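In: sequence and predicted model, in that order:
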Amino acid sequence: MTARKARLSSSARALAESFAALRAELQIPAEYPADAVAEAERVIRSGVAVDGSDEARADLEDIPFLTIDPEGSRDLDQAMHLERDGDGYVVHYAIADLAAFVVPGGALDAATRERGQTLYAPDGSTGLHPEQIAGDAASLLPEQRRRAYVWRFALGSDGRVADTRLVRAWVRSRRRWTYAEVQAELDAGTAPDGLRLLAEIGALRIELEAERGGASLRMPEEEIVEVRGQFELRARATLPAEDFNAQISLMTGMAAAELMLRAKVGILRTMPPADQEAVDEFRRRVALLDRPWRTDISYGEYLRQQDPADHATPAVMQAATALFRGAGYEAFDGAPPKQAVQSAIAAPYSHATAPLRRLVDRYVLAICEAEANGSDIPGWAREALPQLPKIMGRSGQLASRLENGCLARVEAAVLSHRIGREYVAVAVSRRGGNGTRVQIATPFVTADVAGEPELGSIVRVRVEAADIAAGTISLSLVGASPRE
């Protein structure tokens, strides 16, 4: 073994150990509770839904659903089928029926309330549900008969929802697609009808989002890859296929919110509008970046106009995070919440499309199905509402701490064998005191450096130290160039 290979192997081991230490620090359980797994297995073996009547389910197995998910996913929450209807469209959107597997008040119910959501790390995930359910019995895997909540949306020629229906049904997906496969088919012009309609409907829904003033940061994702035994971070822009798919989910979440507001019972995902002080500060910062926000366009339209290739865009997007604060959950039973709108979406909205990975969705779907069909809301769903905001808030904070901690350790691992090297970076934000957040393009690492170069300017930084176990990086400012 060469010295280089030994060094890289040591770095990889150190990173794996740091992930394990972080999970231990955050008290993330390594195993699913045995009693909850046993209960889940008993329900699966019984073949009988613990909530709802299987005999009363609609049989929609003849609809050729498809799923679109990241490569390697097995926890498939959603399946869709899209077709033309005159000059409009019909969208069937199937969501995994987790209520059929979770005994209210049972061991599995308790375990999911304790977890709140699936937690993701580069070396694996900690599931909301045991794998027997999330990756098998409840997952909408291809060519398997599955229980689902099925939304049916009738859309006009402009993509607006004209009619919404929701039933519990039996479904059977025909094929599992990855985002990359869908995008390749769309780019080549060889996509089957369903995927072409996804692009068509998705584009219309994006136009409607802009019309109502919705916005998205659309910041590049940090993708972790292993290259010849060493870790790299690369910027990955989302594919158009991902945006189109997200619009179907957003449409469903908005429909769920409408149903619950009509029922005067439910839980919304909310975000207050940015206050005037934050808006004014954002305008000031982007003006200093020489990327002024015109007063005649919404901030959503302004963000959509930013060029990913522009070196100032990361600083613009970082500044925009001040406009996207205060997201939370609002439960209600009676009068709806005063703040019912998710301001980034610019409409009332609820989480309703990922019950395999997020606890709140199971309750939202049960309430929506009851309201859509004039039935009584299940007591287990209604009674849990007051506790859900706290559960989801706690699990969301834990997910953020795990994600940020893992990313910091990967960034340290990426730079651990590059001590002394210099890189070009962009100054994106102030960090308090005499510090600035900078973003290195390749490798795609974001870290702090002492000094206050002009935001949006291109600088050179040197890697002084990187501690994988602590997830810390030390950079020094070598020089700065005027903004181009």
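Out: Great, that's in hand. What you see is a predicted model, and the numbers here were worked out from it, not measured in a lab. Numbers count the residues shown, from 1 in each chain.
In: low-confidence ranges in this structure?
Out: Applying pLDDT under 70 to the chain picks out residues 1-9, 219-220, 225-232, 480-484.
In: again, only using 50
Out: Scanning the chain for pLDDT under 50 picks out 1-8, 482-484.
In: got the residue ranges for the helices in it?
Out: 3-25, 34-46, 107-115, 131-132, 179-188, 193-212, 240-263, 276-288, 299-304, 313-320, 360-372, 379-384, 388-415 (DSSP state H).
In: do you know which of those lies nearest residue 348?
Out: Nearest to residue 348 among those is helix 240-263; the distance by CB to CB comes to 3.8 Å. C-betas here are computed from N, CA, C, even on glycine.
In: from what I can see residue 192 touches residue 185, true?
Out: Yes: contact criterion CB atoms under 8 Å: residue 192 and residue 185 qualify, at 7.5 Å.
In: which one's more surrounded, the two?
Out: For residue 192 versus residue 185, neighbours defined as other CB atoms under 10 Å are more numerous around residue 185 (17 against 12).
In: need the phi and psi values for the closest residue to that one other than its chain neighbours.
Out: Nearest non-adjacent residue to residue 185, counting by CB to CB, 6 or more residues apart in numbering: residue 191, 3.8 Å away. Taking degrees, to the nearest 10, you get phi -70, psi 140 for the backbone angles of residue 191.
In: residue contacts, residue 191?
Out: Residues near residue 191 by CB atoms under 8 Å, 6 or more residues apart in numbering: 182, 185, 199.
In: go again with 10 Å.
Out: If a contact means CB atoms under 10 Å, 6 or more residues apart in numbering, then residue 191 has 177, 181-185, 197-199, 241 as its contacts.
In: ditto for residue 204
Out: 89, 155-160, 244, 247.
In: compare these and tell me which is most surrounded.
Out: Counting neighbours by other CB under 10 Å, the top entry in the contacts of residue 204 is residue 244, with 25 neighbours.
In: what distance do you get for it to residue 172?
Out: 23 Å (CB to CB, to the nearest Å).
In: hmm, residue 396 is touching residue 118, no?
Out: No: using CB atoms under 10 Å, residue 396 is not in contact with residue 118; the gap is 11.9 Å.
In: and for these two, which residues touch both?
Out: What both residue 396 and residue 118 touch, as defined by CB under 10 Å, 6+ apart, is the set residue 358.
In: of the two, who's got more company?
Out: residue 118 (19 against 16).
In: that one reaches residue 356, doesn't it?
Out: Yes: between residue 118 and residue 356 a contact is recorded at 7.7 Å, counting by CB under 10 Å.
In: what do those two both touch?
Out: With CB under 10 Å, 6+ apart, residue 118 and residue 356 have common neighbours 75, 127-129, 134.
In: most neighbours among those, which one is it?
Out: Greatest neighbour count in those, by other CB under 10 Å, goes to residue 129: 30 neighbours.
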